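Undergrad: A structural model of the following input is requested.
(one chain, ligands or ions: 1)
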Amino acid sequence: MALNLCPHPLQVLSVSSERSQMGILRKNSPLLISLQNLGGQSSPLLQSYSHGGSAFVSRAVKEKQTQTYGSAETEISETNPSSSKLVLVVGGTGGVGQLIVASLLKRNIKARLLLRDPAKAKSLFGLQDENSLKIWKGDTRNPDDLDSAIFEGVTHVICCTGTTAFPSRRWNGENTPERVDWEGVRNLVSALPETIKRIVLVSSVGVTKFDELPWSIMNLFGVLKYKKMGEDFIRNSSLPFTIIRAGRLTDGPYTSYDLNTLLQATAGKRRAVVIGKGDKLVGEVSRLVVAEACIQALDIEFTEGKIYEINSIEGEGPGNDQEKWRELFKAAEEN
Ligand SMILES: NC(=O)c1ccc[n+]([C@@H]2O[C@H](COP(=O)([O-])OP(=O)(O)OC[C@H]3O[C@@H](n4cnc5c(N)ncnc54)[C@H](OP(=O)(O)O)[C@@H]3O)[C@@H](O)[C@H]2O)c1
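TA: Numbers count the residues shown, from 1 in each chain. Just a heads-up that it's a prediction; the model follows:
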């Protein structure tokens, strides 16, 4: 594939020449590649969880603020022109991951992405200044892909990788829950420098009950068990972590949109946020709400070392108001 060293490229870096689909990059020899020269986006199958059961609502905070992320985040970008954070998003082309990346860009927070297929970033995020968004090619299953150069300057990490719970085309090449949710998370955590200020992991409700009905059905191929193993690895690491266990995901996954569309995405009527602890929450959550929870947790100090479950229900929500998110996380602690 031809290279185009253009003035405003997204920077695509590979650290694993033997695995590079583009076959052009040497380890530790970053090259700038215009995303205009990368191939088109494939259409990942939708991942569908079916947690079942009735909703157990521990607490809902319903606010009057309208949660249209496009307009709300414009304010953020005006009031927060330059963040000192550099956030690595792993799984940034997924349903939740795209929303996280779009939201970081809108907030003027610099981001790095670790992707198996950098071409997907082109149609999703367009051409961005390389300082704002830099793309690394890598597969979390391969420790060799997780070169220390990826983490240089990175202050925070959000990991929202995943695959389908049941066999599908997305398992091709052994991209199974065991390999992604356990080995991939383990590899990532093992590769991160101790200077990381926070890693947020998106996990799932039900992980502590994977051998009980109805969770054992979801866990037929081990997804909940392996997610729990990934969680435990992070908990036992010395890294400051927050784990966000999502209910069944709704809205999106917005896999065929561009940045503008992503920024206009709304959580529909399901904007009120319910945060629980102790793996008691059962229900659904908007991907937008999960994305926002991950970004908020980076800055709310008392969420460090904690595990939360999250749902969203009909009603007005906290939008991106940090004080409201603090209240929500704090209320979960107290219940
Ligand atoms: N669906 C639900 O109802 C539900 C419920 C609870 C929790 N969750 C969890 O919530 C998280 C986010 O869900 P989602 O729907 O946003 O996920 P998703 O759309 O399936 O996205 C998963 C992301 O992980 C990436 N990925 C997969 N295997 C990888 C690998 N080996 N190396 C690097 N990246 C890899 C994918 O990139 P590629 O394009 O390269 O595959 C994609 O960007 C996941 O952990 C999911 O399991 C889901």
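Undergrad: going forward, measure contacts between C-alpha atoms and count neighbours the same way
TA: Will do.
Undergrad: residue 212: neighbouring residues, count only.
TA: Burial measure for residue 212: 11 neighbouring residues, criterion other C-alpha atoms under 10 Å.
Undergrad: what about it, distance to residue 104?
TA: Noted for residue 212: a distance of 38 Å to residue 104, by C-alpha to C-alpha, to the nearest Å.
Undergrad: cool, residue 85 as well?
TA: As judged by C-alpha to C-alpha, residue 85 and residue 104 stand 10 Å apart.
Undergrad: run through the residues that contact the closest residue to residue 242 other than its chain neighbours.
TA: Nearest-residue entry for residue 242: residue 200, 4.8 Å, with adjacent residues in sequence omitted and distances by C-alpha to C-alpha, 6 or more residues apart in numbering. Contacts for residue 200 (C-alpha atoms under 8 Å, 6 or more residues apart in numbering) come out as 157-159, 241-244, 294, 297-298.
Undergrad: then residue 181?
TA: Shown here is residue 181, whose contacts under the criterion C-alpha under 8 Å, 6+ apart are 161-163, 223, 226-227, 229-230.
Undergrad: wait, a strand at it?
TA: No: judged by DSSP: H, G, I helix; E, B strand; the rest coil, residue 181 forms no part of a strand; its state is helix.
Undergrad: what about it, distance to the ligand?
TA: As for residue 181, its distance to the ligand is 7 Å (criterion: C-alpha to the nearest ligand atom, to the nearest Å).
Undergrad: how far away is that residue from residue 216?
TA: Distance from residue 181 to residue 216, by C-alpha to C-alpha: 17 Å.
Undergrad: one more: residue 92?
TA: Using C-alpha to C-alpha, one obtains 29 Å as the distance from residue 92 to residue 216.
Undergrad: quick one: which of the two has more around it?
TA: Under the criterion of other C-alpha under 10 Å, the comparison of residue 92 against residue 216 puts residue 92 first, with 27 against 18.
Undergrad: against residue 225, how distant is that one?
TA: Distance, residue 92 to residue 225, by C-alpha to C-alpha: 23 Å.
Undergrad: where in the protein is the helix or strand with the lowest mean pLDDT?
TA: Taking mean pLDDT, DSSP states H and E as the measure, the chain has helix 69-79 as its least confident helix or strand, at a mean of 39.
Undergrad: helix or strand next in line after that one, which one?
TA: strand 86-90 (DSSP states H and E).
Undergrad: check the offset of that next one from the chain's centre.
TA: Averaged C-alpha coordinates place strand 86-90 at 9 Å from its chain's average position (C-alpha atoms, centre = their mean, to the nearest Å).
Undergrad: the following helix or strand past it - what's its average pLDDT?
TA: The element immediately downstream of strand 86-90 (helix or strand, assigned by DSSP H and E) is helix 95-106. Across helix 95-106, the average pLDDT comes to 95.
Undergrad: could you check the angle the helix or strand just after helix 95-106 makes with strand 86-90?
TA: Downstream of helix 95-106, the next assigned helix or strand under DSSP H and E is strand 110-115. Taking axes from the mean of the first three to the mean of the last three C-alpha atoms, to 10 degrees, one finds strand 110-115 and strand 86-90 inclined to each other by 20 degrees.
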